[in-house]
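# return atomic coordinates for the entry below.
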Amino acid sequence: MIGGMTVRAGGSRLLGRVWHDWPCWWGDFCAMLRRSEPRQLIVVAQRGRGFAVGTALARCGKGAWRGKGLPGMSGGTPSGGGCWVVGVIGVKKKERGMRTRRMAPIVFALVAMLVAIMPVAAATTVVVTPANTQGWSTADTRTGGAVSFVADAMAPSGVGALRLTTNATTGAKAQYLHAANTPLAAVTELSYYTKQVSAPFPGAAASYQLPVLLNGTAGFTTLVFEPYQNPLRGPVVTNTWQQWDVDAGLFWSSETIVCSNGTITRARGGPATYTLAALKAACPNAVAVGFGVNIGSYNPSYDVRADLVSFNGMAYDFEPYIVVTDKDDCKNGGWQNVTTASGQPFTNQGDCVSYVATGGKK
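Got it, this is the predicted structure:
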C-alpha cells in the first residue's frame, strides 16, 4: 500500500510503504516488516533532482543484503544522494532472479508518486564564517548597509545566519555575493531561506541575486528573485524562517539585454515576469557569473536574515562561529577555530578537549 494504492506486478503485492531516511537504514525497514525471509527491495535513490532505480535483496532477519542496479551502492547506502526504500516485494528464494520487466510497472508508478511527494534534494553544505568566508564578499554594499553573522537559535542549520541591514537612508544597500562561472542552461537548482526581523514593508526579505552575462561574454544584468513578487511561493511571514524555491519562481532584470532569441526587458524593482526556463530559451549563451543575497537601495530600515543560500546543489551555511563537536576538532591548533555552544572561545587545546569530554561544560 503506497499512498493508499496497492501496486501489483507479476502476481507479487507491494508489502511495504514509502520509507525514507538519510541514509537508508535497512534495519529500520526490516523491523517494520518483521519478516525473516528474503525479500526484494525496490530502491529509489535521489541524486540532485534525478532518480536512480535499483533493487536490493535483503534477508531482514540477519540484516544482510546486497544491492544491484544502483551505482555506488555499498554498505547499505547508495553513495552521492538520499535514498528512499519505496517498497518490498515478498518473494521466495527461488524467485530471487525475478526479472526487471516484472518490476517495471511498480517502478514507474513509484517514481511518478515520488516526484510529487519527495522533498527538495539535500545539497552539499559549506560552512561560511567571518574568519573563513569561502569566497563570499560584501560586493556592492553601500554606506548605511551592513552584512554580519549573528547567532539565531531557530536558523535552518547550525547556530546562526547571515544578517543584512539598512539604515533609514534611501541610498543604503547590503549585499553578499559569491562568484560563479556556470552556463545558465546548466543552472537547475536555486534556493535559500529568509527571515524578516523588522521592516516598514510587510513583504520585506532579502532578495536572491543572480548576476549574469546574457550573451556569454557581454550583456550584464542581475536577475532578481523577491519573495513578495512570487505570491505562489507563499507570503512573507515576520520572524519566521521560510524556504524559497527560487528556480521555480519569477525574476526581474536590472537591465534591458537583447539576446539571440529575444529581448529581456529592464524592470528594476519588478514586476517579476521571467521564469528561469524563459531566460534560458531567450538567451541560450547566458552565463551565471555570481549568486547571493541583497537588500537594494530605497529599502530603508530593513533587518532581515538569510541562510542556506544554494546554487546548483551547493548550500552555504552562514555561522558566526563553529561549535566543537569532537575532541579531534581541538587538536593541531583546531581549538582556535571552534567555540562552545554559546560562542565562547577556548584558551588552549586542553580547555577544548575538557569541554567535549564533560558534555559541554565550561
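# low-confidence stretches in the stretch 1-150 of the chain?
Scanning the stretch 1-150 of the chain for pLDDT under 70 picks out 1-123.
# this protein: helices as residue ranges?
For the chain, applying DSSP state H gives helices covering 26-33, 100-117, 276-282, 349-357.
# surely Pro271 meets Gln229?
Yes - in this structure, Pro271 is within contact of Gln229 by C-beta atoms under 8 Å, at 6.4 Å. Where you see a C-beta, it was placed from the backbone N, CA and C, and this is true even at glycine.
# which residue is the nearest non-sequential neighbour of Gly234?
In this structure, Gly234 finds its nearest non-sequential neighbour in Gln242, 7.1 Å apart by C-beta to C-beta, 6 or more residues apart in numbering.
# and the one you found, how far from Phe346?
Distance from Gln242 to Phe346, counting by C-beta to C-beta, to the nearest Å: 35 Å.
# more neighbours, these two?
In terms of neighbours (other C-beta atoms under 10 Å), Phe346 is the more surrounded of Gln242 and Phe346; the figures are 21 against 17.
# not counting its neighbours along the chain, what's nearest that one?
Nearest residue to Phe346, sequence neighbours excluded (C-beta to C-beta, 6+ apart): Cys352, at 4.2 Å.
# looking at Pro271 and Gln229, which is more packed in?
Set side by side, Pro271 and Gln229 show more neighbours around Gln229, with 19 against 9, by other C-beta under 10 Å.
# quick one: residues contacting the more buried one.
250, 252, 270-272 (C-beta atoms under 8 Å, 6 or more residues apart in numbering).
# can I get those residues in JSON lines with distance to Leu190 and pLDDT?
Below are the contacts of Gln229 laid out as JSON lines (distance: C-beta to C-beta, whole Å; pLDDT from 0 to 100):
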{"residue": "Leu250", "distance to Leu190": "12", "pLDDT": "97"}
{"residue": "Trp252", "distance to Leu190": "15", "pLDDT": "98"}
{"residue": "Gly270", "distance to Leu190": "18", "pLDDT": "93"}
{"residue": "Pro271", "distance to Leu190": "19", "pLDDT": "95"}
{"residue": "Ala272", "distance to Leu190": "14", "pLDDT": "96"}
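# quick one: neighbours of Asn239, just the number.
9.
# tell me the contacts of it?
195-197.
# pull out the buried residues from these.
Applying 16 or more other C-beta atoms under 10 Å to the contacts of Asn239, the neighbour count classes 195-196 as buried.
# ok, the contacts of Asn239 vs Arg163, which is closest?
Among these, Val197 lies closest to Arg163 (C-beta to C-beta), at 8.1 Å.
# how much space separates the closest one from Thr165?
Per C-beta to C-beta, Val197 is found 9 Å from Thr165.
# overlap in contacts of those two?
The contact lists of Val197 and Thr165 share 303-304, where a contact means C-beta under 8 Å, 6+ apart.
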